[in-house]
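# Build me a model:
(chains A, B, C and D)
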Amino acid sequence: MAYLNQQALLVFATIIFAPAVFLHLTNKNTSAVRLYMVQSSAIAALLILSSFDRFSPLIAIAIVATVAVKIFIAPYFFYGLIKRHQLTFSVSTYLNTPLSLLVIAALLALTQSEFFDALAVLSTSGEKLLRLAFATILISLFLSINRKGALSQMLGILSLENGIVAFALFAGLEQSPGLQLGITFNILIWVIIATVFASMIFRRFGSLDVTAMKKLKG
Amino acid sequence: MNMAAIPYWLLQILLIPALSPLFIGVTRRIKARFQNRRGASVFQPYRDFWKLFHKDEIISEDASWIFRVAPYLIFAVTLVIGASIPLVSTGLSNTLTGDLLVVVYLIALGTFFLALAGIDTGSAFGGFGSSREMMVAALTEGGLVLSLLTLALISKSANLTAISANIGSLSFPSFTPIILAFISFSIALLAETCRYPFDNPSTHLELTMIHEAMILEYSGKRLALMEWASANKYLIFIALGANLFFPRGIADSLELIPVILALAVFAGKASLFCIAIAVLESSIAKLRIFRLPDLLFTSFVISVIAIGLVN
Amino acid sequence: MALLILVITPLLAALVSLAVRKKILFLEVTAMIAAPVEFTAAMAIAAEVYRQGDSEYGVYLAAGPLEIVVLFTVALVGLAAAFYSVGYLREEVRKQIIGFSRVRQYFVLFHFFLMAMFFAVITVSPIMMWIAIEATTLSTAFLISFYSKASSMEAAWKYLIINSIGLLLGFFGTLLFLTPGSESGADRFIDWHALVEGAGTMNPTLARIAFIFVLIGYGTKVGLAPMHTWLPDAHSKAPSPISAMLSGALLNVAMLAILKFKIVTDVATATSFSRNLMIYFGVVTITIPAFIIITQKNYKRLFAYSSIEHMGIITLGFGFGGLGTFGALLHMIYHSMAKSVLFFSAGNMLLKYGSTKMMKVRGVLSVLPVTGVLMLIGFLAITGMPPFGIFLTEVYILSAGIADHLPVVIAVVFLLLLVFVGFLRHIVGMAFSGRTDTDPAPGTIGESNLLTIMPPVLLLALLVVAGFYLPGPVKSLITSAASLING
Amino acid sequence: MLAVFAAGALGALLLRKHDAAANIWGNCMAIIGSGAGLLISGAALFHGTVPAFSVDSSLPLLAFSIRIDQLSAFFMLVISLVAFFCSIYALDYVRHYYGKYSIGMLGFFYNAFIASMIIVVTAQNALFFLVAWEVMALASYFLVIYERRETASIRAGSLYFIMTHAGTAFIMIAFLLMYRATGSFEFADFRDGMAAASPLVKNAIFISALIGFGVKAGVIPLHVWLPSAHPAAPSHVSALMSGVMIKTGIYMMVRIYLDILPGSYLWWGLALMIAGSISSLLGVLYALSEHDLKKLLAYHSIENVGIILLGLGSALVFSSFGMTSLAALGLAAALFHTMNHATFKALLFLGAGSVIAATHTRNIEKYGGLIRLMPQTAFFFLIGSMAISALPPLNGFFSEWLTFQALFQGVAGFDVVTKVIFILSIGSLALTGGLAAACFVKAFGITFLARPRSEQAERARETGMLPRVAMAALSLLIAGLGLFSGLVLRTLAKVTGSMANLRGVESADVAQFKSVSLQNGFGEVSMPALFIGIIVASAVVAAAVAVLTRKRRTETGPTWDCGSDLTPRMEITATGFSRSLITISRGVLRPSSDTEIEYHDASRYFPRTGTVTMGLHDIYQTFIYKPLHDLTTMLAAQVTKVQSGNINVYILYIFLTLIGLLFFMDLQS
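Here you go, the predicted model:
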């Protein structure tokens, strides 16, 4: 990663950060999935760039697998889900847009503030990158809180995962390829199960609105 | 327990049963005199007992063996108490059963069996008679124990004969606690011996009688025994009042003359007590049953103050 | 070698049951073979560890004394659950609630679940452990929605979402822990020993942040207080053998993860940091369920809340340290045994009464004599009545904490009393009271079949014996594990 | 000896199927066990040998160590004594449970109950003590709910279990505090470790031990479980429970206050005395207003525990002033009353058991005239009632006399506040004695005398041979204890001597003719003389009267009934009897009586039937336990809102904890 200069990395970081914010704003499921594709393609690019210096067949397979899962298979499932149940419009959120924007700004300020200067220890150079990646994590976590739609909750979790992988890449913690493969395989299974559940919920509750599920109290 | 004391012991034990009907007669005569009628002779109770001993007896078929045994036991208890209280001379110190608590609880034993006998016949009168008797007995015990305790504390020993000996030889200053204790003791005396403010001894009116109600079912020799036992109890309480609180005339050795002298003094004091009781009985009305606890409670409070003042 | 067998057998069993076509008998037979093999393998590993410190197999699998304690609970509960689920499902099939395909799905996922747990315990790398625990979540997600009712769907969804969020946070924490090892070449395979050595050079504040993320992440899996919300829904909706496995085994595995990271953080920063955190979480995790138990209407949720409460006690034990750690480890074993007994008896009651509402379940002692007695003794064990071991471990933990955390200990004593009162009212209501209309006809009195009674009875016997007599090797294993944690 | 009990318990469990064998096996084992217990404790008490053995268990801190020193030997003697007679009684009494409930379980729990009680009094390791304590509570819980079909016994059982468990929580706190001061759970280490403890810790231990053991002993505010739990158990078990189980609470109080904690503070003794006098007074008042025979006896246990506490309290006050000989006197009084209470309470419960078994009801109003139908039981019940109301010849009187003497010494010495408390306790003791006598006149009179009030009472018949043997033995024991009180007091002096704070002190010496004189002759009584005096006097009187009236005949006729035919309904009833006393103390008891009158349908002026129901609403329930219950349920309702069912809120919880912890971490570093 050393030879990539700061500027490029910063661009990648913003490409990853921006979708997380926009996910909050969109109210169409299809555009949400498209945002997620943008984010994961940025991640994939970073992966490819970082693996230049120690190229080996195993890493190649790992990258190909991540690219395949995150950019093609997951969105394919999501589109299938949307088409099958005509879920073009995702369900409303708890806080209306200005308020959620306010919370996002607060989170951003938090990550930039001196609370997390310990992150600087990780890599002296990319300190701003790490803060940005950390911001994506917090914001995508807030997404699954704010949104009532099951699909947007899933997307929140996936963008949280992307944020973590981004953070790892910026902090220079690339995993051994075997582990990366395991992680992506895990994400794949998770996406499959989540979509199966989403369709079962739709069949059972008639809509993907999570708040319908209120029975288990006390 | 040397041999010489035997005659005096006999005197001590027989004194109570012998004299008690006399003092009952004296009290009745004085009360009659207050109601300006001549009243029976002082020895009338003796004749009554003699008559009753010679009458046939009817016992209700519902009554159990307790009804039959109770009179003997109650009378025996009065005998034992008689033996353990200072009557004639402090020389006869009875350390075995002379403790103040023993006396109080022996009296309670007597009342216990009296009440049981009352219930045994199954008549309504006996029942509520024992219920009232137990109520009164329970409440008096507090005042009684504490008043005797004041004396015990002053004389540093709980043995009755020792108390009367020490109180006699005591100097003047601790006079007020004794007086207070005497007041609470006298209230207890009236309650225990079923005298006027608590219970009317002469009537069979079911509203007022407590003691009489219990022995309603008795007849013949058992009735005599019961009456005699209550007479004994009456004399015992007077003796306690006289010898413990004003022990002046008690002989302190076992010669003949001082004992006879003491006997005369005792008789005088006892009759003084009877006069006082008779005067009291004919001057005030009987209290309502639910007013009694307040009176008994005052006796308890007075004795508490008395103990407070002791030292 | 035994480590390998331990992981392979459930995998094979899963594949075999996948391949089975029509006969349920094959499924049952595979399960009944696989479970004892796993148990013996676990015992072999334990023996090996007892003999020479710890046992490895190749680069990827290793087990020290700490892992053995958790491995024992997982294997034991797995064994009991396997036999019980055979009887349980046989009963369900007889009552036509589920068909063959469901049973097959059940057994496949059951074995995957077991494999994931075993792998999580004995794997060397923290990342592999994270993947294994993630796999347990995925495999149990379908098991929770086994009865495909609306409520079990809801429970499964919540289980999936909350756990994935928690585990992702945990993953982030693990990554933070890996930072010191990264300079020396990216592809070196980081395992726990490397982490512990690396921790020395780690920046303390970074270690603190990492431990917080790990504690919250894996804490969700253990069911610590603020993050416990999924546990009652999941455990009450899953079939009883699975909820027994969830409560008895999975919670311990997640706790193992936290413990391993605690060892690392203790090297990096002052031990008081991790201890205080554990104490706060422990106390909160005891208080919240203690009150909720009183208002419970459904007995499976009641047992789920009691699992949360016991996990709180265990965290408190680790927070107090010293004898408390020994007590907490022992508590883990006793709790898993007692809780599985309770869930198995809950299963029997569910089969007989058909409803989990406590109002409908009356007079269990007369309708299901053995289960009634089991439930009563299980209740006495779980609320810490002395003849059983849990009382002793509770006293160890409290006595460890009495020295400097007096108010906490006193509060905990009264909370445990509150739990006991809440529990007693429900259990007595169920066990003794007389007839109500929804009672099963007198004809169906008596237990369903032998298999649904034998496992809980054996477990209970083991619990009672362990309450008094602790065999030498077991004791030395636990003490060495405790010394490991105390650092 | 413990092995015998264990064999008994397991045997009974195995022979669950056929009742007779289980019954005989269980109870015989109990008899043999308690017999062995008697021998061991007797040996330990009289020969001063201190058998002790300790087995180290594999679990840390827990050692199965038993040590029978004087105090434990005394209590063990009491337990085995009562257990011995109760088991004999049980052999026959259990027969009427045959069809209904499983006898095996009864045998199992019964043996476990006795064994755990014996371990409780002899355990030396606090943990082992707690285990035995809870096993005792557990066994007695299952015995209380033995008659499963009645919901009343189930509710009583759960109330009992909750209260005991609350008590154990307090006891555990006390032991943990001691552990903190000394570092181990052995009583021996407690003893020398506690000297260093700070006063605050000692006071905390005192309070928690008082509450913890007060619940078990049945001190007034904590007594709520006792009147409902004891009657629910089978009679021989409730005899054991209220005769002996309560005493384990007293045992531990003595062990901790006088043996383990070094010096004691003045206010400790005074607190105990106040609790004692309140318990005794209120206990007897509640007993008076009770119609259920066994409940009445249960309330009397509370009253007698109050008296024991008075003795113990005075001992503590004296030891705080360093007057060890007086403290020994107070302790001897308390211990003697414990033994006496165990014997006559057991006798009364066994008697009550036979009466209930014969008439199948516990309501006194239904009894009457049983003295003719059950003469021996009536006689034994009379002995028991005389003993409990402290009437002279029997042992109850002597122990109350000792307590009185201890209190008298107290009045003599101290500053105003202590003196007032001593005087008030003397007053309350005297009042309780009187009220107890009244209550037992009611209980005995209405149960046994006059005519049967209901047809069940008419059908009653005498109980079997074995119960009568057991009751006869107990009555002999009571009379014996009364007579040889001097001897018993000397052994008690050894027990009190063994206490750490009162090393080797003689409180009383026995003068000639067996009269026990105390404290330089202050109080002196000779029970044998008293006994012989009464017997001789009544014999003399009877002989004299017989001689005087040998010619007279006595026949029987109907009772005088002023003309109307006498029906049983006209007899005094229990409510009538105690009504006067209850109205007097209405301030305390707050009796409630509501009357419903059912009118003829025609007009409002001609009532057809009128019923008066007199009750006594329990002030503890309304003022202490109900608000506690409501508070917890309200809190629980609030906390359940945490589980709201909405997933977003759940994730919010995680998010907030994350942020919170990050801030917290920052503050802390």
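# okay, now residue 210: neighbour count?
Assuming you mean chain A. By other Cβ atoms under 10 Å in any protein chain shown, 25 other residues sit near A:Val210. Backbone N, C-alpha and C define where each C-beta goes, glycine included.
# could you do chain C instead?
That count, for C:Ala210 with other Cβ under 10 Å as the rule, works out to 26.
# OK, contacts around the residue nearest the centre of chain A?
Within chain A, one residue has its C-alpha closest to the average C-alpha position: by Cα atoms, centre = their mean, that is A:Ser159, at 1.0 Å. A:Ser159 is in contact with A:Pro19, A:Ala20, A:Leu23, A:Tyr36, A:Gln39, A:Thr136, A:Ser140, A:Leu143, counting by Cβ atoms under 8 Å, 6 or more residues apart in numbering or on different chains.
# between those residues, which is closest to chain B?
Proximity of the contacts of A:Ser159 to chain B (Cβ to the nearest Cβ) peaks at A:Leu143, which lies at 79.5 Å.
# Report pLDDT for the closest one.
A:Leu143 is assigned a pLDDT of 86 by the prediction.
# my guess is it meets A:Leu25, correct?
No: the pair A:Leu143 and A:Leu25 fails to qualify as a contact (Cβ atoms under 8 Å) at a distance of 10.5 Å.
# out of these two, which sits in the more crowded spot?
More neighbours surround A:Leu143 than the other of A:Leu143 and A:Leu25, with 25 against 14 (other Cβ under 10 Å).
# residue contacts, the more buried one?
Counting by Cβ under 8 Å, 6+ apart, the residues that A:Leu143 touches are A:Ala20, A:Leu23, A:His24, A:Ser152, A:Gln153, A:Leu155, A:Gly156, A:Ser159.
# cutoff 6 Å now
With contact set as Cβ atoms under 6 Å, 6 or more residues apart in numbering or on different chains, A:Leu143 has these partners: A:Leu23, A:His24, A:Gly156.
# name the element the first one belongs to?
Element membership for A:Leu23, per DSSP states H and E: helix A:6-25.
# now the angle between helix A:6-25 and the helix or strand where the residue nearest to the centre of chain A lies, please.
Using DSSP H and E, A:Ser159 sits in helix A:150-170. Relative orientation of helix A:150-170 versus helix A:6-25 (axes from the mean of the first three to the mean of the last three Cα atoms, to 10 degrees): 170 degrees.
# Now do helix A:150-170, average pLDDT.
So the average pLDDT for helix A:150-170 ends up being 86.
# quick one: buried residues of the following helix or strand past it?
Proceeding C-terminally, helix A:150-170 gives way to helix A:177-205 as the next helix or strand, assigned by DSSP H and E. Residues A:177-184, A:186-188, A:190-191, A:193-195, A:197-199, A:201-202, A:204-205 are the ones in helix A:177-205 that count as buried (16 or more other Cβ atoms under 10 Å in any protein chain shown).
# Spell out, range by range, the helices that occur in the stretch 501-650 of chain D.
Secondary structure of the stretch 501-650 of chain D (DSSP state H, counting those that start in this stretch): helices at D:527-548, D:574-584, D:586-589, D:619-620, D:626-640, D:647-668.
# Which one of these lies nearest to C:Ile382?
Across those, C:Ile382 has its closest neighbour in helix D:626-640 (18.9 Å, Cβ to Cβ).
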